[in-house]
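Colleague: Sequence and predicted model, in that order:
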Amino acid sequence: MHLRKHAAALSATALLAVTALVGAASPASASAVNCSVGRYEGTRTAWALCTEGYARYAVLIYVTHPNPNSGMGSWYEGGPCVSLGQLSEYTPSHSYSFVVASVIPNC
C-alpha cells in the first residue's frame, strides 16, 4: 500500500459533485464525527471536510491500476492533513481511476 501526500490547488468556484457522510463516533469517543467527502465535478480532485470530531484529518482515495497483470494492484493515497473545519483537497499526479474512500483521521 502506498500513501502519498501532495497539496492540490483548486479554484474556489468549482462545483461539488458527490457528498457522503462518513463515520460515526466510536463507543470510546465522546464527540460525534461529521465528515463529508467527494470530488469536484469534471475534475480529478477529491476533497474532505470535517465539522465535528477529528482535530486533524486528510482526504483518502482508493486507486486501482487499470492493468491487473501489472503487479501494482490497488492502493490508498492521502491528501494534506488539515485542521477541523478546513478543506483537504488532493489531485493525484497519475491518471489511474480512483474513488474517494473516506478521511484519514488524526493524521
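Modeller: Sure thing, it's come through.
Colleague: What residues sit buried inside stretch 80-96?
Modeller: 80, 82, 88-92 (16 or more other C-beta atoms under 10 Å). Where C-beta positions appear, they are placed from N, C-alpha and C, glycine not excepted.
Colleague: Now do the end-to-end distance for stretch 91-102.
Modeller: Taking C-alpha to C-alpha, to the nearest Å, stretch 91-102 runs 15 Å from one end to the other.
Colleague: Also stretch 64-73?
Modeller: 6 Å.
Colleague: What of stretch 60-71?
Modeller: First-to-last residue span, stretch 60-71, C-alpha to C-alpha: 22 Å.
Colleague: So what touches that stretch?
Modeller: Residues outside stretch 60-71 that contact it (C-beta atoms under 8 Å, 6 or more residues apart in numbering): 46, 48, 72-79, 90, 92, 94, 96-104.
Colleague: Just the buried ones from those residues, in ChimeraX syntax?
Modeller: The ChimeraX selection below is limited to those of those classed as buried (16+ other C-beta under 10 Å):
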select :46,48,75,76,77,78,79,90,92,98,100,101,102,103,104
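Colleague: Could you tell me which of the contacts of stretch 60-71 are located in strands?
Modeller: 46, 48, 74-78, 90, 97-104 (DSSP state E).
Colleague: Can you tell me which of these is nearest Ser36?
Modeller: Among the ones in strands among the contacts of stretch 60-71, Ala48 lies closest to Ser36 (C-beta to C-beta), at 7.1 Å.
Colleague: List the beta-bridge partners for the closest one.
Modeller: Val37, Ser88 (DSSP bridges).
Colleague: shouldn't it be in contact with Cys35?
Modeller: Yes - using C-beta atoms under 8 Å, Ala48 is in contact with Cys35, at 6.2 Å.
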